[in-house]
Structures are given as structure tokens and as C-alpha cells.
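In: Give me a 3D structure for the following:
(chains A and B)
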2 protein chains.
Amino acid sequence: RHNSFSKTDTTIQVKNPYLDTMEEDILYHFSLGTKTHNLPEMFGDIKFVCVGGSSNRMKAFAQFIHQELEMPGNPEEVSDICEATDRYCMYKVGPVLSMSHGMGVPSISIMLHELIKLLHHAQCRDVVLFRLGTSGGVGLAPGTVVVTDKAVDYSFLAQFEQVVLGKVVTRSTELDEEVANELLQCSSELQNFPTVIGNTLCTHDFYEGQGRLDGALCSFSHEDKLEYLRKAYEAGVRNIEMESSVFAAMCRICAAVVCVALLDRFEGDQITSSHDVLVEYQQRPQVLVSHFIKKLYKTFNKSPH
Amino acid sequence: RHNSFSKTDTTIQVKNPYLDTMEEDILYHFSLGTKTHNLPEMFGDIKFVCVGGSSNRMKAFAQFIHQELEMPGNPEEVSDICEATDRYCMYKVGPVLSMSHGMGVPSISIMLHELIKLLHHAQCRDVVLFRLGTSGGVGLAPGTVVVTDKAVDYSFLAQFEQVVLGKVVTRSTELDEEVANELLQCSSELQNFPTVIGNTLCTHDFYEGQGRLDGALCSFSHEDKLEYLRKAYEAGVRNIEMESSVFAAMCRICAAVVCVALLDRFEGDQITSSHDVLVEYQQRPQVLVSHFIKKLYKTFNKSPH
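Out: Below is the predicted model:
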């Protein structure tokens, strides 16, 4: 295979025999539906979906990609397609959808179910998905970008446990290796862009699960914390965040996770960098993914339809 | 004990020996800190904390309680104390704090860690906490309000599993019985206010974990779904939502969960009621908790300081 972008028929598919028998599908948390909206017309041309936790950040990304792709119109005027709800925000810029997903696996899980149904109803094909996030680094300088190899759980296993009707089902969380390698290649084409491929530890909270000493509850010592982080490092973990596992489990065939490390957890727990420094760090995943999209977008536009 | 509101020294406490040794505590997801803000002055008089998933709804609650407590000033002008971040919103109206927590256990967990630290730093005492939410009903007419007895997991056990440095720790999720009973009493003082006390099933997703047939993934039959809901009903479950377990585990001594059922899950999965009907349903937990607060606020204001 010469590259990952010639992939065909790798579109994420709904795996639900009931879906096509429904007269109407209300995407409740998006305030969209198959009867109230013409989803193929609104979304049929999407090729890239970029998701991230913060609504402000995903609006900023929509404006940024608008400029980078030299789309017609004023980037300041992107409008929130989900403005009827405050659960998520959603912006569409040409072939790019930019959406927020809130914090944690359950929040992004609701969004992914409805997003995958949206792409299905809109008959989108060959879509690549990216999560653009922030994270705690493990043995990395703040500002380093981590492209996820495998999303691992608290035991450093590449699996996601999903409860289905009271039973625990285990799903794989390996991501697309070709997309990850292409992102690493993109980073080398940018100036001063420290980027690594590594495993990402996905936790279900920010304090105890990540070994922070500064939560409302803390029952372990500083040495216990360092020992856990060392074990994580030995298992190939380079950053810690809270959404990658279910993102990988649900989107794996054509998806990547790109997070910047805001701090090195070996050095501390609190995020103490200045506002301006943090804003610059948070732009890095956007710059990298935008570079990737621009390369592909040119390819698309050159190819006959 | 004559009622729950004469309780003293029941304030939620931080259980972290490191916290008071820190020179500064940055509440990162609130954009507040002990060095940058005078937390006792800003928050020291708080007696009631009300939290809910949606930022719009918690702003509406702040405006509503402003009117109900006949506070001076314009209710429309309540301002978001956390406006420097889009993670959560926070409004203070006299003794009441109204905050959003997003969707799912991880999202509310981050908020609770920082909220409990905030109440600690602000030296608040005798605070009662409420979660005001929406939920799926189990054998209840839509619009029924459920006050949670116990928050239960997918096996219908009153426990919450927290991962601490790679090990699973189990915590109890029983809530304050007296507060729940007083809320039921409040409901009987309101007109046409269907309210029950029951167990609340807390899941980590909205689709597969709750037995919905309309997600992007569905591997079970309609009959499997009904069987799981019947088992839940037999275990005393009357509604299903996504935050109660960690809320109960972290706040239990002086906390209640009050959620309205938007639909009866025995009847379907999609939320098909009209916008206006859903808006009215979502006001019910607000009306009930506001009634409770008004009763206590009068008691406070009559008592000598």
C-alpha cells in the first residue's frame, strides 16, 4: 500500500440492524434528525472529522482550517450547527467537520454514536477522524505532541471495557498505523515541532486515576505516584488523557489521536504554565492535523470526480 | 434527629494530607486559584450547591432561584464565574452555587474534586449538594421526578469503582436518607408533582450500557433489552442516568440526586417529546429543589448569626 489515503471502503459503519428499520432517527444530543434535516445535503461531502474536548478550541480550529484551506467567506462567521443544544458544538468548513466532545469517555461516547450515525445517514465515504486534545506528558517536555500508537487502560493493556446490558465486553484500541506514521512525517515538515508516537493512557478521572497528589481525595504517597508513572513509561506510555480508548475502539480503522502534553507528570501535577504558553501548546495538534488535511485536500482537488 | 438541616459538622471534607502543604492550588478547570482569587470572600457564605449537566440549564436555574429567593438585582444579569474556561459554568446567587458538570462520571468527577477543594479553601460549612438532572425512566410516566435512594452500577449494586494508581477501589453510593425524604415531602406540597424515591442506575454510556437499540452499535435484541430493564426494575431501579454514582460516592453525607424521567424506557429509546414539553419536564427538579432551599433559607434568615 503506497499510503493510507488511497483507502477505499474503510468508512466507519454502523453495526446495528435496527437502524435502517427506524422511520426517524433523532440525534438527540446534536439537535438533528433524519426527518427534520437533509443530512446527505448538509454533510455528504465530509472527508475529515476533527473532535476535541473544548468547544472554544474546536471553534478556533474551524476558523483556522477555514483560513488554511482558503475557503470562501469570513472565517469569523463559522456558525454552530448544534446551536439548539449546549451538549456539543459543531462547525463545518468545506470537507472538514470540527466538533467538541466534552471531557471523559462517556461524553465522547455519546458524541461518537451520534456522529457515526450522522455519517451513515449522510452517506459519507472514506472519512478520516482525528481527536485533537490536551494531555499530561510522561517523561516528555511540555509542548511535545504525542500521536497515539495504542490507547491503553490503567493496566496498560490496549483494550476498552464496554458494558452491554450488564455484561463487560472488551474491545481493541489499536489505531491506524499508517495515519500515525503520516502524521509523524507531517511533523518533520514543520519547524520546531517536537512530536513522538507513543501509547496513551486513558483514565476515567483526572486526579486519583492519574496519580495526582492535588485532588480532593488522595490516599497514596509521592513515591507510589512516581512508581506508577515509571511503570507506565516502561509500558510505552508517553501521555495521559481521558477519551482515547473509546475513540480508538469505535473509530480505529481510519482514525488518529493527536494530543499535546501540557506538563511532564514526573515534574508535577498542577498546570502552571502561563495562559499564553498554554494557548500556543493547544494550537500544535491543530497545526499538525491541518498540515495533514491540506496535503490530502490538494490530492482530492487534483483528482477527477 | 428532628431533621437533616440542623446538621452541623457534616461539611464535605478534603481527604488529602498534601493539600494544605501546597503554596498555591490552581483549580485548573474552573480558572480559579488560591493565589489569584480570594475564595473565602467569594464563596464563604455558600450553603447550597446545585449541579447539572447542561450549562444553559444551570444558568436558567441561577436565574430562577434568584427570583424565588427575591434576591436584589436583575436575575438576567447573573454572570459566569468560570467564564475564562469553557469546561464548566458557575453562577452564585446569595447562598446558592449553580454549576454545570457536563455528561458522564469522568466529567462530573473533575468538577467535584475542584468543587470540594473550593468549598474547603473558602471555609464553607454545612453545605447541602444537589444534582438536578434528566434521565430515562424505568416503568415511570414521562415527567416523573425521581429522588435517588441509592445510585447503583450495571449489576445493580450500590457501589462505585474508582481506579487509584492502577488498582480498583470500591466506594459506597448511598445518599442522605433524610434529605431524600424531605424532598419527597416538598413534592407533596407542590401541585401535580409526581415524585418517587427509587434507585438510580448510573451507566458509562447512553446507548449500549443503557440497552438502547438506536445507537451506532447494537448487538442485542429487543427482548434482551426488556429483560435487562425488568431486572433493573426488580432491583428497585426507577431511572437511568450517567453521573449519580460518583456524585454519591464523593458527596454522600449531605447530598441528593433529583432527576426527571424524559421517557419510559419500556416504551422506547428515542426522546420524541416536543421541545416545549421537554423544557417543562427539565424545570421540575429545579422547582422541587428551589422549594426545599426556600424552606431552609427562611430558617437561616430567622436564626441569629
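
In: could you pull out the strands for the stretch 151-300 of chain A?
Out: A:159-164, A:167-172, A:195-202, A:237-241, A:255-264 (DSSP state E, counting those that start in this stretch).

In: Low-confidence bits of the stretch 201-305 of chain A, can you list those?
Out: A:300-305 (pLDDT under 70).

In: which residues does the residue nearest to residue A:29 when sequence neighbours are not counted contact?
Out: Computed as Cβ to Cβ, 6 or more residues apart in numbering or on different chains, the closest residue to residue A:29 that is not its neighbour in sequence is residue A:87, at 4.5 Å. No exception for glycine: its C-beta is placed from N, CA and C like everyone else's. For residue A:87, the contact set (Cβ atoms under 8 Å, 6 or more residues apart in numbering or on different chains) comprises A:29-30, A:102, A:110, B:53-54, B:103.

In: out of these, who has the most neighbours?
Out: Most neighbours among those, by other Cβ atoms under 10 Å in any protein chain shown: residue B:103, with 29 neighbours.

In: Show the pLDDT at that one.
Out: pLDDT recorded at residue B:103 is 98.

In: List the contacts of it.
Out: Each residue near residue B:103 by Cβ under 8 Å, 6+ apart is listed here: A:87, A:102, A:104, A:106-107, A:110, B:53, B:242-243.

In: Would you mind putting the strands of the stretch 151-300 of chain A into JSON lines with distance to residue A:134 alongside?
Out: Shown next, in JSON lines, are these (distance: least, Cβ to Cβ, whole Å):
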{"stretch": "strand A:159-164", "distance to residue A:134": "20"}
{"stretch": "strand A:167-172", "distance to residue A:134": "25"}
{"stretch": "strand A:195-202", "distance to residue A:134": "12"}
{"stretch": "strand A:237-241", "distance to residue A:134": "7"}
{"stretch": "strand A:255-264", "distance to residue A:134": "5"}
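
In: now those as CSV including mean neighbour count?
Out: Below are the strands of the stretch 151-300 of chain A laid out as CSV (neighbours: other Cβ atoms under 10 Å in any protein chain shown):
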stretch, mean neighbour count
strand A:159-164, 19
strand A:167-172, 13
strand A:195-202, 23
strand A:237-241, 26
strand A:255-264, 25
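
In: Serialize those to a markdown table and add fields for distance to chain B.
Out: Output for the strands of the stretch 151-300 of chain A, formatted as a markdown table (distance: least, Cβ to the nearest Cβ, whole Å):
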| stretch | distance to chain B |
| --- | --- |
| strand A:159-164 | 5 |
| strand A:167-172 | 8 |
| strand A:195-202 | 10 |
| strand A:237-241 | 11 |
| strand A:255-264 | 9 |
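
In: For residue B:287, which of those is the nearest?
Out: Nearest to residue B:287 among those is strand A:159-164 (33.2 Å), distances taken as Cβ to Cβ.

In: quick one, that closest one and strand A:167-172 angle?
Out: 150 degrees (axes from the mean of the first three to the mean of the last three Cα atoms, to 10 degrees).

In: Could you let me know which of the contacts of residue B:103 ends up closest to residue A:119?
Out: For the contacts of residue B:103, the nearest to residue A:119 is residue A:110 (15.4 Å; Cβ to Cβ).

In: who's in contact with the closest residue to the closest one other than its chain neighbours?
Out: Of all residues not flanking residue A:110 in the chain, residue B:206 sits nearest, at 4.7 Å (Cβ to Cβ, 6+ apart). Contact partners of residue B:206, counting by Cβ under 8 Å, 6+ apart, are A:29, A:106, A:109-110, A:113, B:212, B:215, B:242.
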